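Peer 1: here is my input; please provide its structure:
(chains A, B, C, D, E and F)
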Number of protein chains: 6
Amino acid sequence: MKVLVIAAHTDDAQFCMGGTIAKFTHAGHTVRILVAIVPCESIDGVASKKEKKIKWAQCERAAKILGADLEILDLDPYQMWFKRDIVKILDAKTREFSPDVIFTHWDHDSHQDHVAIANATFAVTRRNNISLVMYEQSIHGGVTPYSFKPNLFVDISDVIDIKLESAEVYKSWELEGRQWLKAIEGVAAFRGNQIGIKYAEIFEAVKIAWISGKEVFPPCLFW
Amino acid sequence: MKVLVIAAHTDDAQFCMGGTIAKFTHAGHTVRILVAIVPCESIDGVASKKEKKIKWAQCERAAKILGADLEILDLDPYQMWFKRDIVKILDAKTREFSPDVIFTHWDHDSHQDHVAIANATFAVTRRNNISLVMYEQSIHGGVTPYSFKPNLFVDISDVIDIKLESAEVYKSWELEGRQWLKAIEGVAAFRGNQIGIKYAEIFEAVKIAWISGKEVFPPCLFW
Amino acid sequence: MKVLVIAAHTDDAQFCMGGTIAKFTHAGHTVRILVAIVPCESIDGVASKKEKKIKWAQCERAAKILGADLEILDLDPYQMWFKRDIVKILDAKTREFSPDVIFTHWDHDSHQDHVAIANATFAVTRRNNISLVMYEQSIHGGVTPYSFKPNLFVDISDVIDIKLESAEVYKSWELEGRQWLKAIEGVAAFRGNQIGIKYAEIFEAVKIAWISGKEVFPPCLFW
Amino acid sequence: MKVLVIAAHTDDAQFCMGGTIAKFTHAGHTVRILVAIVPCESIDGVASKKEKKIKWAQCERAAKILGADLEILDLDPYQMWFKRDIVKILDAKTREFSPDVIFTHWDHDSHQDHVAIANATFAVTRRNNISLVMYEQSIHGGVTPYSFKPNLFVDISDVIDIKLESAEVYKSWELEGRQWLKAIEGVAAFRGNQIGIKYAEIFEAVKIAWISGKEVFPPCLFW
Amino acid sequence: MKVLVIAAHTDDAQFCMGGTIAKFTHAGHTVRILVAIVPCESIDGVASKKEKKIKWAQCERAAKILGADLEILDLDPYQMWFKRDIVKILDAKTREFSPDVIFTHWDHDSHQDHVAIANATFAVTRRNNISLVMYEQSIHGGVTPYSFKPNLFVDISDVIDIKLESAEVYKSWELEGRQWLKAIEGVAAFRGNQIGIKYAEIFEAVKIAWISGKEVFPPCLFW
Amino acid sequence: MKVLVIAAHTDDAQFCMGGTIAKFTHAGHTVRILVAIVPCESIDGVASKKEKKIKWAQCERAAKILGADLEILDLDPYQMWFKRDIVKILDAKTREFSPDVIFTHWDHDSHQDHVAIANATFAVTRRNNISLVMYEQSIHGGVTPYSFKPNLFVDISDVIDIKLESAEVYKSWELEGRQWLKAIEGVAAFRGNQIGIKYAEIFEAVKIAWISGKEVFPPCLFW
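Peer 2: Next up, the predicted model:
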């Protein structure tokens, strides 16, 4: 099975669904992470080449830990909203990879890039023959007037360490003092507790298409 | 894998998800249909023993066509709302059968019995360790202020004939002249067309729990 | 009565509400179709003048079959999102035509242009003295996290042939092998069956304003 | 055209849609108000025969002012929830009167009787061949976690006096000092202002079925 | 300020908002917990007097730890749904206590009693002059098709120990092996992390009424 | 306490929440109004320097009447949608002022600028440590498919005159003949009536964060 994870920023895939990615790759499936933007602005808005290089390297290291392929699109964050050229880029990448399932952001997240990527992914999957799933908002995500509606719980108890290892890669000045690793574990424990296990990641499935003769999501060798 | 289909009335399982049931049983899984009420009132509200016998027999025949087990609870339709004794009955039946996934009505259907069964099933699955899915409203279902949100499409192209055969069993004075078979096929064709295949049934998954060491829904041998 | 149908692309009006348009024009009402974009990109994204000419001609032919006026705005698809200049264009066209009711796209469609047109139309009708209705997503529309909520069913049984004739005009390489005509008829049959008739088109009315001394939607001579 | 207004209590029809009822009857249409319960408990919960008689008479007087028929079902308020026998009563009354359109309560009102009547009406109209509309919550209605979504605005500027006259009939100890008449006029003025006129009543249409050969709602002679 | 917490079962108040209750009482406000039902059925549905006595005593001890008053209504769990007599009981208790704010269950919880209590509280607060807030679903709450929308975050970092102490009182055979204390702490940590603090409880405010001359919720001496 | 009111246009703050602003400033709190755009296009779309000067002066006068600070950003209305540079501007202004609570537009308003400002404010408050509240749509706001869900009612009975005085400043050719002052008073009366007082303004609180050691919204000296 081929799994495409579309993420706005370098750390989103690991923070939001690193456990599920590890489950996939450990079972022999192919996961490709598509990253749109490499955040490299200081708090004053100055883009830093050095920062970009660091984030880029982190992203590669973290993907490797999860056993996933990685493609970084390096798009302009000042040109990121729900419009045709963003759709076309994701469209081309999707046709090229031909995934059985796509994971994307939640379309009611507080971050403008997450909203843009989610909506563009809705456009990309308009033929409805690829399953589409939204991952939960990252830790430290903004509360908006909307509420994520989880309908898919994935047990990641046996890969929680790998998830945390892949997340730890993103150590940085922004996360300094925000206990992000403990927070990531806390979310997984809370979500796990909801279904009576140790650790889980949650998702909102938008459409799961079980078509005869095609790979069914989830695949048999998932566990 | 063990699949429990909870239905308010004798014909709901076949009309709403007969194709998916056939897919399950053909792949070697166990499906049990739990029917709450045997409708036997004439249009004037008089309950008829003869009518009940007919409906009961139809229900048994239709379950057999799909290869499913059947249990008819024969509850009082005048005592059917979201309350503790209804929950307890479904609770006991669920513990007894121990399903991996439960299918139930949509909780915003127009029919009072469908609403009651759906809500009671939410209570039954409160531990969140059994997957829970709502099937689409039956043909001739009432339009309410709410809208079904399908997130699961099942290809039933190769079992459409079995679905229709199981539905045809329910031929009756109420359906007389309402072209129910053509309508059932029409819905399946419309839903199939949405994902680019011939026939489909659609569902709204409330929660899919993929727990390590437990049967994952959908099962490997689904297709 | 004057009816304005705002559509993102050349075939949307016929596919989504061709029957209702025919009902209006046959009853002597004036219908103007406003088309924003003439799609003319090949699958590789190259805009083709020849393709544009073909689509333009199809659009004119199809409008004629329905007895409707047509204006093609020919806007740039790469500059289509919910922003002031799009609102201003639709505002000017609306003031010029002075419709009693406007039909537009569903604002939760998967296609970026449909979303932009729907939102811009909300802005255009901000005075709330023109009735506003959204037509159902076209066949082959993408499933998003949202669900269309129909609250208006229009019987098109006696004009289904005209609808199909107007849709057939759009025969093209994109629709090749997708059985679009059968799909369009299938949707109409499914929607009709929901209210007990042969064929229907469905809509979500956003606001219907019945103001004394003004034309009431629907008009008396609708049927 | 035949219009059925289903109301839980004696004053709901006048307070919520007295203006629209007057518009209908003045245009020659038949309006029947169906009242479920005659409230007659004192604040201490003691039912008073005298109070019932007063409310009953008020209800008759107010219906007459609007030119509407009236049927009072006088059901037991302690047996009022969404269950089969309530549905059956409304079903029988609806078949008997055979309306073209039904008006009912909003299903997310704070009052248990309003919720029960709304849901039972959804069940009654399950064939979808009768138009169904919910009127706005009465003045002094409880704020719940839900929000009424008006999609139908009716200009009652020329009948506001009749509405207020019919509402004034319900003068009582409960309304004492609550300025209900001024409040009713205030709501109508606010709703009118939303669409640029003097006075309006608003509604949420659940389903409007325009079926060839049947009366279309709204009727031609509405204004 | 007077705070009324309405809870279906003996442990709901402590599990869901024990921290916020402690904050109130520590600041000198009066909190009354109103408990509807004392759960005392074994898994086989047999009511046990001994069990009832244990739960009753636990409830009193836990209220004392939080510094709150307690009233146990001891209603019949087989007669608990959204109907007039439940509303009347809560109505009388509310008038008697005259609270400035009421806390109740979430109306889309999976448990029938929670749904009934929430809806009855909506009816009780229909005058909209008492603030109304819903607390988050308890740990081990069932996932339904709905999603809680928190809009109120209360910092309980300095009273987390008191919350846990009050929750520990409910040690029982049902919670055996379910690590409920760790789960309660986990939820509080997750909610705290969302707003950048250690521990929080979250709520969905239905209506907050700031009326001149009345106690404003939250009160000045809250922190 | 420091209150930041973010508004798309010069008159939004006064029309939507002038009363609440006055309540704040009268109690000694600091209110800053941040205005994004100075509308100065004639109906034909020509920008007028004179018009801009008039609107700018009105805005200053009206802020003074309410006792609030004012900053006008004077952004380009043709570059106003939910994108990074808009977020960055609001982000910088928010960090500079460091408010305890932010008021913004409703994100489902019909106007493109209101939608953009609301969404950008969601991004600005992504850390969830500043309370966030949306004010009701202005008078003459467009009805969209969504419905405002008020959960916060503020009594402005004693400052209604100040609100109206601040609104009257915006007398202009656009409002000519639309009775805007009467409409503003009408809305306040309607909202007040909902909670049993004379005049109120309503809000939808997105998140209220009560964090120990920080100013709690609402502040003690609000009334």
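
Peer 1: surely A:Ile6 forms part of a strand?
Peer 2: Yes - A:Ile6: assigned to a strand according to DSSP: H, G, I helix; E, B strand; the rest coil.

Peer 1: ok, it - contacts?
Peer 2: A:Leu34, A:Ala36, A:Leu90, A:Ile102, A:Phe103, A:Thr104, A:His105, A:Ile117, A:Thr121 (CB atoms under 8 Å, 6 or more residues apart in numbering or on different chains). C-beta coordinates here come from the backbone N, C-alpha and C atoms, glycine included.

Peer 1: top helix in chain A by residue count?
Peer 2: helix A:49-66 (DSSP state H).

Peer 1: elements contacting the following helix or strand past that helix?
Peer 2: Following helix A:49-66 in sequence order, the next helix or strand is strand A:69-72 (DSSP states H and E). Using 3 or more CB pairs under 8 Å, 6 or more residues apart in numbering or on different chains; DSSP states H and E as the contact test, the elements touching strand A:69-72 are strand A:30-37, helix A:49-66.

Peer 1: ok, and which of these has the densest surroundings?
Peer 2: strand A:30-37 (a mean of 22; mean count of other CB atoms under 10 Å in any protein chain shown).

Peer 1: so which bits of chain A are right by chain F?
Peer 2: A:45, A:77-78, A:80-81, A:110-113, A:115, A:140-145 (CB under 8 Å from any CB of the partner chain).

Peer 1: does the lengthiest strand in chain A come close to chain C?
Peer 2: In terms of residue count, the longest strand belonging to chain A (DSSP state E) is strand A:200-210. Yes - under the criterion of CB under 8 Å from any CB, chain C is reached by strand A:200-210 at A:Glu204, A:Val206, A:Lys207.

Peer 1: what strands flank that strand, and is each parallel or antiparallel?
Peer 2: strand A:131-135 (antiparallel), strand A:152-155 (antiparallel), strand B:152-155 (parallel) (DSSP bridges).

Peer 1: from the middle of its chain, how far away would the last one be?
Peer 2: Right, strand B:152-155. Its chain's average C-alpha position is 15 Å from that of strand B:152-155, according to CA atoms, centre = their mean, to the nearest Å.

Peer 1: contacts for it?
Peer 2: A:128, A:205, A:207-212, B:19-20, B:23, B:133, B:191-192, B:194-195, B:197, B:199-205.

Peer 1: which residues of chain A fall in helices?
Peer 2: Under DSSP H, chain A gives helices at A:12-26, A:49-66, A:84-97, A:112-124, A:160-168, A:180-194.

Peer 1: to F:Ser157, which of the ones you listed lies closest?
Peer 2: Of all these, the one in closest proximity to F:Ser157, counting by CB to CB, is helix A:112-124 (39.6 Å).

Peer 1: does chain B have contacts with the closest one?
Peer 2: No - using CB under 8 Å from any CB, helix A:112-124 stays clear of chain B, with a minimum separation of 13.1 Å.

Peer 1: give me the phi and psi angles of the closest residue to chain F within chain A.
Peer 2: Going by CB to the nearest CB, chain F is nearest to A:Gly142 of chain A, at 3.1 Å. Per-residue torsions, A:Gly142: phi -80, psi 140 (degrees, to the nearest 10).

Peer 1: from chain C, how far out is it?
Peer 2: Separation of A:Gly142 from chain C (CB to the nearest CB, to the nearest Å): 18 Å.

Peer 1: quick check: chain neighbours aside, which residue is closest to that residue?
Peer 2: Leaving aside its sequence neighbours, A:Gly142 sits nearest to A:Ser110 (CB to CB, 6 or more residues apart in numbering or on different chains; 2.7 Å).

Peer 1: the one you found against F:Thr121, yeah?
Peer 2: No - contact criterion CB atoms under 8 Å: A:Ser110 and F:Thr121 do not qualify, at 9.4 Å.

Peer 1: please say which of these two ends up with more neighbours.
Peer 2: F:Thr121 (29 against 25; other CB atoms under 10 Å in any protein chain shown).

Peer 1: format the contacts of A:Ile6 as TSV; extra columns: distance to F:Glu185.
Peer 2: Converted to TSV, the contacts of A:Ile6 look like this (distance: CB to CB, whole Å):
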residue	distance to F:Glu185
A:Leu34	54
A:Ala36	49
A:Leu90	50
A:Ile102	52
A:Phe103	51
A:Thr104	47
A:His105	44
A:Ile117	45
A:Thr121	47
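
Peer 1: closest to chain D out of those?
Peer 2: Out of the contacts of A:Ile6, the member with the shortest distance to chain D (by CB to the nearest CB) is A:His105, at 26.6 Å.

Peer 1: need the contact list for the closest one.
Peer 2: A:Ile6, A:Ala7, A:Ala8, A:Asp12, A:His114, A:Val115, A:Ile117, A:Ala118, A:Thr121, A:Met134, A:Tyr135.

Peer 1: ok, now with 7 Å
Peer 2: By CB atoms under 7 Å, 6 or more residues apart in numbering or on different chains, the contact list for A:His105 reads A:Ala8, A:His114, A:Ile117, A:Ala118, A:Met134.

Peer 1: how close does the third one get to D:Val5?
Peer 2: Using CB to CB, to the nearest Å, we find A:Ile117 at a distance of 49 Å from D:Val5.

Peer 1: and the pLDDT for the residue lying closest to A:Val159 once chain neighbours are set aside?
Peer 2: Ranked by CB to CB, 6+ apart and with sequence neighbours excluded, the top spatial neighbour of A:Val159 is A:Ala22, at 4.2 Å. As predicted, A:Ala22 sits at a pLDDT of 97.

Peer 1: what's the neighbour count on A:Ala22?
Peer 2: Counted with other CB under 10 Å, A:Ala22 comes out at 25.

Peer 1: get me the contact residues on chain A for chain C.
Peer 2: A:81-85, A:87-88, A:107, A:122-123, A:125-126, A:128, A:204, A:206-207 (CB under 7 Å from any CB of the partner chain).

Peer 1: for these, which one is nearest chain B?
Peer 2: A:Asn128 (4.3 Å).

Peer 1: is it true that that closest one touches A:Trp210?
Peer 2: No - contact between A:Asn128 and A:Trp210 fails when scored by CB atoms under 7 Å: they sit 12.0 Å apart.

Peer 1: out of the helices and strands in chain A, which is least certain?
Peer 2: The helix or strand of chain A with the poorest confidence is helix A:180-194; it has a mean of 93 (mean pLDDT, DSSP states H and E).

Peer 1: where in chain A is pLDDT low?
Peer 2: A:43-44, A:173-174, A:177-178, A:220-223 (pLDDT under 70).

Peer 1: tell me which residue lies nearest the centroid of chain A.
Peer 2: What sits nearest the mean C-alpha location of chain A, by CA atoms, centre = their mean, is A:Ala13, with 3.2 Å.

Peer 1: surely it meets A:Ile33?
Peer 2: Yes - counting by CB under 7 Å, A:Ala13 does reach A:Ile33; the two are 4.7 Å apart.

Peer 1: now for the two: what residues contact both?
Peer 2: By CB under 7 Å, 6+ apart, the residues touching both A:Ala13 and A:Ile33 are A:Val5, A:Ala7.

Peer 1: okay, now the residue in chain A that chain C sits nearest to: neighbour count?
Peer 2: In chain A, no residue comes nearer to chain C than A:Arg126, which is 3.1 Å away by CB to the nearest CB. By the criterion of other CB under 10 Å, A:Arg126 has 19 neighbours.

Peer 1: what's the answer for the one 5 residues further on, then?
Peer 2: A count of nearby residues for A:Ser131, using other CB under 10 Å, gives 27.

Peer 1: partner residues bridging it?
Peer 2: A:Val101.
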